[in-house]
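Enquirer: okay, structure incoming, though there's no sequence with it:
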């Protein structure tokens, strides 16, 4: 069997074969037109792993007839860059070099500066990729000479056909008939967290873990459940996704949306980030509720102490109680948070209107205004219903009055 990963063996050769990224690769879009015209400037691809950044760089190299060289910021050195520069104007790279630099955020300033001369004179076309916000991690001189495109997480529905093509590819490659149910394809697609590479890794693992009988392999749901990589809650405690989730968690409590607050709490706890869940909860109780319900501070503190004492998974019970209490309590404020201190992220090329668009609830009467907190795909999901007791019914009456008047 071929030792290269299935994702490499199946890597698309044409833009029409790339999964997802329609906001970039639809005819008429800037990146699509650049690639089709064969004239590509220095680029920075920003987005999560396994969503097509490397694939598109390879397609660009083929389309522009340039020699493709790849480096990874986690392991490459300045010498590696010099070795690539030495190929310029040689028989190995007569039309110039396209350098794909993965994880550029791990290159220090000096290493990034060493590229400047060559990307300015056009001898090297740089395509740098990063999973982190490039405006925080990429040297400004590189940024000013590059065009940034944001890659999005790919939906499970878009990945299902790729999972099926993976099984078909393995069947043809190995001369073995492969059978599997629709539930197997869905389990793999929904379990990969929008990462096509992980999905195809799971396909190949399922194939390898299943014995052939009479020239046929039958992939069971149990095998898929065991081997599908659990990464649907994409999360990196040192990355942008961490700050996005904790920001959404606190803003949902501040915005008095218990369903959204519970959703983001669950994502934090599923990732094992108990400290962030507790810390942001205490901050919100003190800062956003505060004197509107002073008793909440010792109550939430007790819930946090209990969560830290019992640990996960039991910690989810006192924390969920406290999150609902904070979200449904009246809100107060001791002053506006300066704009420069609010969490703000890069606006992608496809954003029709630039800006964070966050509405600060404390700027409105009764410290509440409508805005969506849950993700689009579950924006109407209900996790919490007011209980039939004095306290919760009092909060319900309060919020029915406030929210019903808007």
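Expert: That came through, no problem. All values reported here derive from a predicted model rather than from experimental measurement. Numbers count the residues shown, from 1 in each chain.

Enquirer: the stretch 151-300 of the chain: helices as residue ranges?
Expert: Counting by DSSP state H, counting those that start in this stretch, the stretch 151-300 of the chain has these helices, from start to end: 156-174, 182-191, 196-209, 221-227, 240-254, 258-270, 274-284, 296-310.

Enquirer: so how far is residue 71 from the residue of the chain positioned farthest from its centre?
Expert: Checked against the mean C-alpha position of the chain, the extreme residue using CA atoms, centre = their mean is residue 214, at a distance of 42.3 Å. Here the criterion is CB to CB, to the nearest Å. By it, residue 214 lies 47 Å from residue 71. (Each C-beta comes from the backbone N, C-alpha and C, glycine too.)

Enquirer: for residue 384, which non-adjacent residue is closest in space?
Expert: Nearest non-adjacent residue to residue 384, counting by CB to CB, 6 or more residues apart in numbering: residue 258, 4.2 Å away.

Enquirer: quick one, what contacts that neighbour?
Expert: Taking CB atoms under 8 Å, 6 or more residues apart in numbering as the contact definition, residue 258 lies against 323-324, 327-328, 383-384.

Enquirer: among these, which are in helices?
Expert: Using DSSP state H, the members of the contacts of residue 258 that fall within helices are 323-324, 327-328.

Enquirer: quick one: low-confidence ranges for the protein?
Expert: For the chain, residues meeting the criterion pLDDT under 70 lie at 1-2, 229-242, 333-356, 405-406.

Enquirer: show me the strands in it, by range?
Expert: In the chain, the strands defined using DSSP state E lie at 43-46, 67-72, 97-102, 124-130, 147-150, 177-180, 216-219.

Enquirer: which stretch among those comes nearest residue 367?
Expert: Go through the strands of the chain one by one with CB to CB and the one that ends up closest to residue 367 is strand 147-150, at 32.9 Å.

Enquirer: so for that closest one, what gets flagged as buried?
Expert: 148-150 (16 or more other CB atoms under 10 Å).

Enquirer: same question, stretch 97-114
Expert: Those would be 97-107, 111-112, for stretch 97-114 by 16+ other CB under 10 Å.

Enquirer: next: stretch 393-400.
Expert: By neighbour count, and taking 16+ other CB under 10 Å as the criterion, the buried residues in stretch 393-400 are 395, 399.

Enquirer: who's in contact with it?
Expert: For stretch 393-400, using CB under 8 Å, 6+ apart, the contacting residues are 256, 328-330, 386-387.

Enquirer: with stretch 208-219 instead?
Expert: In this structure, residues lying in contact with stretch 208-219 by CB under 8 Å, 6+ apart are 167, 176-180, 184, 206-207, 220, 223, 226-227.

Enquirer: now with 6 Å, please.
Expert: Contacts with stretch 208-219, where a contact means CB atoms under 6 Å, 6 or more residues apart in numbering, come from 176-180, 184, 206, 223.

Enquirer: circling back to that earlier point, against residue 177, how distant is the residue farthest from the centre of the chain?
Expert: For residue 214, the distance to residue 177 under the criterion CB to CB works out to 9 Å.

Enquirer: from residue 306, how far out is residue 317?
Expert: According to CB to CB, residue 317 and residue 306 sit 8 Å apart.

Enquirer: try residue 329
Expert: Between residue 329 and residue 306 the distance is 19 Å, computed by CB to CB.

Enquirer: out of the contacts of stretch 393-400, flag the one nearest to residue 295.
Expert: Of all the contacts of stretch 393-400, the one with the least separation from residue 295 (CB to CB) is residue 329, at 9.6 Å.

Enquirer: I'd say the closest one and residue 293 touch.
Expert: Yes. In this structure, residue 329 is within contact of residue 293 by CB atoms under 6 Å, at 4.7 Å.

Enquirer: coming back round to it: let's see if you can find the most crowded of the ones in helices among the contacts of residue 258.
Expert: residue 323 (28 neighbours; other CB atoms under 10 Å).

Enquirer: circling back: between residue 329 and residue 293, which one's more packed in?
Expert: A side-by-side neighbour count of residue 329 and residue 293, using other CB under 10 Å, places residue 329 first with 24 against 17.

Enquirer: that one: what's it in contact with?
Expert: Taking CB under 6 Å, 6+ apart as the criterion, residue 329 is in contact with 289, 293, 296.

Enquirer: contacts only, for the residue nearest the centre of the chain.
Expert: When the chain is reduced to its mean C-alpha position, the closest residue under CA atoms, centre = their mean turns out to be residue 48, at 5.1 Å. Residue 48 is in contact with 131, 153, counting by CB under 6 Å, 6+ apart.

Enquirer: how close does it get to residue 192?
Expert: Computed with CB to CB, the distance linking residue 48 and residue 192 is 11 Å.

Enquirer: next: residue 319.
Expert: Distance from residue 319 to residue 192, counting by CB to CB: 28 Å.

Enquirer: ok, how many other residues are close to the residue lying closest to residue 278 once chain neighbours are set aside?
Expert: Across the structure, with CB to CB, 6+ apart as the measure, the residue nearest residue 278 apart from its sequence neighbours is residue 304 (4.6 Å). Per other CB under 10 Å, the neighbour tally for residue 304 reads 21.

Enquirer: residue 304 and residue 331, how far apart?
Expert: Looking at residue 304 against residue 331, where the rule is CB to CB, the gap reads 20 Å.
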